[in-house]
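Participant: Generate coordinates for the sequence data below:
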Amino acid sequence: MNQGLIPARDNNIKIWFATSTHEKRCSMSTMNNEHYDERASVIDHSEDSNPNILSEKMPENATNVDEIDSIIAQQMMKLSVEDREKVYSDVHGVKEGKKENEEMIQDGLDSMQREIEKLQHKEAYDMACTKDQKYVESRSFQLAFLRADSFDARKAAIRFVRHFQVKLDLFGEEKLVMDIVQDDLDRDTMGALYSGTGQILDTTDSAGRCIIAAVFGAPWTTRAYLQRAFYNTMMTIRDPYKQIHGYIIVVYSLAHSSQQGDASKHYTITKISEGLPDRIEALHLCHDSPKGQVLLTASKAAANPSMKIRARTHCGTNQQIMLSLAGYGIKPGTIPVGEGCKITNLDAYQQRLHQMRSIERLKEPKRQKINVPSRSDILFGKGTPFQNHHGNVQLRNMVSERYKAYAKAATKGQKMQITKEIVQTVQQNSGLFLRPDGGSWVCVEEEAARQKVSALFRSLRIRMGDT
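Facilitator: Model (predicted):
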């Protein structure tokens with residue numbers, strides 16, 4: 001069977017739709033199973049409520065392609081015809097209305113809370129409740145997790161508790177009850193985020209669902225990949241439409257990538273999904289070599305139950321992969337990956353990230369300490385790297401524009417007012433005045449920011465020869 005190159009009902013799980021006789025046998029074996037959960041587990045760990053999912057070791061068989069595919073196929077054969085068609089529709093982007101009502105939502109949230117109370121190992125969750133119970137019990141926040149598990153209260157409760165453990169592991173206690181923004185990400189994660197190798201696309205599939213595309217290959221740490229996945233997911237689910245209708249993920253692991261990584265990294269990165277409000281309707285795994293296939297098999301092995309049965313593998317050249325994805329409602333050219341794994345929309349994507357960071361700073365509480373300055377920030381320090389920073393250049397331009405007014409100011413108070421206005425302009429454009437502090441940056445006091453602006457006016461006056 002030509003894996004990944006022919007859009008078919010399933011080009012990854014060979015024995016599901018291999019022949020009409022086999023399909024018929026699958027249907028007969030499950031025709032009486034009317035109440036089977038269509039998002040059920042391939043290897044069902046739904047009763048395993050261990051929150052420490054990021055420390056889980058990869059099983060020895062996680063890279064055995066035939067074994068993992070066989071396990072998934074066996075579980076697929078247990079599904080009823082109706083449930084298999086539901087999976088088929090999800091994967092192929094067949095539009096389907098998602099019905100919710102207020103009674104359903106409230107009953108689900110109440111049941112989820114009761115299930116949370118039953119769980120024994122929830123130290124990070126309890127810590128979060130102690131810090132800010134209002135944040136934890138936010139209705140819209142909890143509803144995202146309930147929707148991720150199709151209103152299965154117990155699974156949603158386990159996912160919700162795991163979320164706080166994952167967040168604690170990745171960002172520490174200080175950020176446990178704060179929405180994660182770019183200012184919270186470390187330098188390596190910001191590099192991974194702005195590389196464009198893991199992005200929320202601004203286009204959708206044929207069913208109008210959001211697409212997240214990821215390329216393995218850059219030498220980012222596992223922690224950077226995990227933080228990026230956390231940030232991207234929590235950004236995605238801010239939109240209730242995406243919570244309800246879900247989204248699809250397309251993962252590339254190609255030989256062009258000089259460092260595809262190891263299987264255990266793929267396993268751990270996929271595992272984080274169990275602690276995020278992911279409603280993944282389809283997972284497309286794309287490769288062009290035996291090594292890529294093995295690495296992506298580890299991703300399938302780690303995938304949560306719902307994701308496993310919605311995973312599809314595509315093998316071939318980049319062009320062949322694009323054609324294969326078209327059979328699943330993803331138009332050629334949608335995924336911004338060119339030959340040699342080049343990201344084709346990098347400039348536009350980075351601009352969107354800059355805009356999002358500005359919005360975050362205007363909406364979220366100000367971080368006093370950040371790891372990576374933004375383009376709008378003003379950096380304190382000497383030397384060319386500081387002076388050539390985009391924000392510093394913009395500040396000098398503002399000082400030049402206001403120089404005549406500053407020079408004509410008759411009193412010290414008037415000059416001070418001009419410097420204050422410039423500081424306010426920087427802040428209104430989401431800029432921060434930062435000084436280096438070890439390996440990170442901290443915000444300076446308002447007066448220190450104003451003094452820096454005054455110093456720029458004095459330097460300009462000297463250059464212009466004014467007395």
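
Participant: Identify the residues contacting whichever strand or helix holds Arg223?
Facilitator: Element membership of Arg223 [criterion: DSSP states H and E] is helix 222-236. Residues outside helix 222-236 that contact it (Cβ atoms under 8 Å, 6 or more residues apart in numbering): 54, 166-167, 170-171, 179-180, 182, 185-186, 188-189, 191-193, 198-200, 210, 212, 220, 242, 247, 265, 268-269, 272-273, 276-278, 356. The way it works is simple: take the backbone N, C-alpha and C, and place the C-beta from them, glycine included.

Participant: what's downstream of the helix or strand of the chain with the lowest mean pLDDT, the next helix or strand?
Facilitator: Ranked by mean pLDDT, DSSP states H and E, the weakest helix or strand in the chain is helix 20-30, scoring a mean of 31. Using DSSP H and E, the next helix or strand after helix 20-30 towards the C-terminus is helix 65-77.

Participant: List the buried residues of that next one.
Facilitator: Across helix 65-77, burial judged by 16 or more other Cβ atoms under 10 Å covers Ile68, Asp69, Ile71, Ile72, Ala73, Gln75, Met76, Met77.

Participant: CA atoms only for that helix - export them in CSV, please.
Facilitator: C-alpha atoms of helix 65-77 as CSV (Å, rounded to 0.1, in the frame of the first residue of the first chain):
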residue,chain,number,x,y,z
VAL,A,65,6.3,1.2,13.5
ASP,A,66,4.4,-2.0,12.8
GLU,A,67,3.5,-2.6,16.5
ILE,A,68,2.2,0.9,17.2
ASP,A,69,0.1,0.9,13.9
SER,A,70,-1.2,-2.6,14.8
ILE,A,71,-2.3,-1.5,18.3
ILE,A,72,-4.1,1.5,16.9
ALA,A,73,-5.7,-0.6,14.2
GLN,A,74,-7.0,-3.1,16.7
GLN,A,75,-8.7,-0.3,18.7
MET,A,76,-10.1,1.2,15.5
MET,A,77,-11.7,-2.2,14.7
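
Participant: what packs against that helix?
Facilitator: helix 20-30, helix 290-302 (3 or more Cβ pairs under 8 Å, 6 or more residues apart in numbering; DSSP states H and E).

Participant: now with 7 Å?
Facilitator: helix 290-302 (3 or more Cβ pairs under 7 Å, 6 or more residues apart in numbering; DSSP states H and E).

Participant: Could you give the separation of the helix or strand following the helix it packs on from the chain centroid?
Facilitator: Moving toward the C-terminus from helix 290-302, the next helix or strand (DSSP H and E) is helix 305-308. From the chain centre to the centre of helix 305-308 is a distance of 18 Å (Cα atoms, centre = their mean, to the nearest Å).

Participant: for helix 305-308, what is the average pLDDT?
Facilitator: Mean pLDDT, computed over helix 305-308, is 80.

Participant: After that helix, which helix or strand is next? Please name it.
Facilitator: strand 311-315.

Participant: which other helices and strands contact that next one?
Facilitator: Contacts defined by 3+ Cβ pairs under 7 Å, 6+ apart place strand 311-315 against strand 280-287, helix 290-302, helix 318-326.

Participant: And those, which one averages the lowest pLDDT?
Facilitator: Minimum mean pLDDT among those: helix 290-302, a mean of 89.

Participant: residues of that one that come out buried?
Facilitator: Gly292, Gln293, Val294, Leu295, Leu296, Thr297, Ala298, Ser299, Lys300, Ala301, Ala302.

Participant: residues contacting the third one?
Facilitator: Residues touching Val294, when contacts are defined by Cβ atoms under 7 Å, 6 or more residues apart in numbering, comprise Thr63, Val65, Ala263.

Participant: now the strands: where do they sit in the stretch 351-467 of the chain?
Facilitator: Taking DSSP state E, counting those that start in this stretch, the strands of the stretch 351-467 of the chain run over residues 369-370, 378-379, 433-437, 440-443.

Participant: Let me know the average pLDDT across stretch 449-467.
Facilitator: 89.

Participant: quick revisit: got JSON lines for the helices and strands packed on strand 311-315, with distance to Glu100 too?
Facilitator: JSON lines is the format used below for those (distance: least, Cβ to Cβ, whole Å):
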{"stretch": "strand 280-287", "distance to Glu100": "16"}
{"stretch": "helix 290-302", "distance to Glu100": "30"}
{"stretch": "helix 318-326", "distance to Glu100": "30"}
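
Participant: of all those, which lies closest to Gln350?
Facilitator: Relative to Gln350, the nearest member of the helices and strands packed on strand 311-315 by Cβ to Cβ is helix 318-326, separated by 22.1 Å.

Participant: what packs against that closest one?
Facilitator: strand 311-315.

Participant: quick one: the strand it packs on to helix 290-302, angle?
Facilitator: Between strand 311-315 and helix 290-302, the angle comes out at 180 degrees (axes from the mean of the first three to the mean of the last three Cα atoms, to 10 degrees).

Participant: who does strand 311-315 pair up with?
Facilitator: Applying DSSP bridges, strand 311-315 is found paired with strand 280-287 (parallel).
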